[in-house]
Structures are given as structure tokens and as C-alpha cells.
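Asker: pasting a predicted model and its sequence here:
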Amino acid sequence: MNIGLIAHDAKKKLMQNFCIAYRGILCKHELYATGTTGRLIEEVINLNIHKYLAGHLGGQQQMGAQIESNEMDMVIYLRDPLSPKKHEPDVSSIIRLCDAYNIPCATNLATAELLIKSLERGDLDWRDLYKG
């Protein structure tokens, strides 16, 4: 399955730790990330990540296009709702696209862990049928 990974600046370390903790699951799937987030994840889990541009330079739009094409199966978008920076991408467009195209999306660590464990159990295998 194709998994999209995005993290606001204040959540990039949390995303790295999440990917370290769930490397065993993530290594079985295709990973896509916005530029800086992807590079930081690669550094800690030593897996190949398909990297888009940085989120604020168009990476979020690139991931959005993949969602619209039904080529993304799950998105983990660790966002910082309390202190968003002006240069960070707006989370609402990715969430709106995930809602429109029925893509599971997590915006916090608790939901991300639920999704990744569901993925491991096979609970998201319906995506293969949905894409068919």
C-alpha cells in the first residue's frame, strides 16, 4: 500500500520516532513524503522514501494529486494545530481530499498508531478492492 507522510516542523521529530517504532510495518509498503520530512525519516529508518518537494514548495499539492488519482492508500499528517507557521502547508486541503476520496487520514499520533496497527492486521485491505 502507498502511505503518505507529512509533518509540520514542530512534529518532525515525532514523525521520526513514529517511523522508528513502526519500521517493521512501514518497510512492507511504499512510502511517500514531503521533502524535508522524507529526508528526516530516511535518516532514521534507512528505508527508501519517495520524496516530493517540500510541503510549502508544492509537495502537498503533489501528494494531493496522488490522492485524487486514487494512488494513496493512507495518509499520516502530524500537524501542529497550536502554533502553525506561515510557511508550513495548510492541512485542510489534504484532509479535504482524503475525505472526498475515502482515504484514511491521521492528524495526530493516537490516530496514526491506530491506522498503522490496522494496516498490520489487514484491516485496510479493502483499499485494494476500492482501487480496482
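Answerer: Done, it's in. Numbering: from 1, shown residues only.
Asker: checking Ile6 next. Helix, strand or coil?
Answerer: strand (DSSP: H, G, I helix; E, B strand; the rest coil).
Asker: now for it: which residues touch it?
Answerer: By Cβ atoms under 8 Å, 6 or more residues apart in numbering, the contact list for Ile6 reads 33-34, 37, 55, 59-60, 63, 75-79, 89, 94. Yep, even glycine has a C-beta here, placed from its N, CA and C like the rest.
Asker: and for Gln66?
Answerer: Counted by Cβ under 8 Å, 6+ apart, Gln66 has contacts 2, 4, 32, 72.
Asker: could you rerun that using 10 Å?
Answerer: Listed by Cβ atoms under 10 Å, 6 or more residues apart in numbering, the contact set of Gln66 reads 2, 4, 32, 50, 52, 72, 75, 97, 103.
Asker: with Glu30 instead?
Answerer: Residues in contact with Glu30, defined by Cβ under 10 Å, 6+ apart, are 1-4, 48-50, 71-73.
Asker: out of those, which end up buried?
Answerer: The neighbour count (16 or more other Cβ atoms under 10 Å) marks 2-4, 49, 71-73 as buried among these.
Asker: ok, so of those, who is nearest Gly122?
Answerer: Comparing the buried ones among the contacts of Glu30 against Gly122 with Cβ to Cβ places Asp73 closest, at 12.7 Å.
Asker: pLDDT wise, what is the nearest residue to the closest one once chain neighbours are set aside at?
Answerer: With sequence-adjacent residues excluded and distances taken as Cβ to Cβ, 6 or more residues apart in numbering, Asp73 is closest to Met1, at 4.0 Å. Note for Met1: predicted pLDDT of 94.
Asker: from His29, how far out is Ala10?
Answerer: From Ala10 across to His29, the span is 26 Å (Cβ to Cβ, to the nearest Å).
Asker: which parts of the protein are strands?
Answerer: Here the chain has its strands, by DSSP state E, at 2-7, 30-33, 50-51, 74-78, 105-106.
Asker: so Leu5 bridges to which residues?
Answerer: On the basis of DSSP bridges, Leu5 is bridged to Ala33, Ile76.
Asker: I am finished for the moment; much appreciated.
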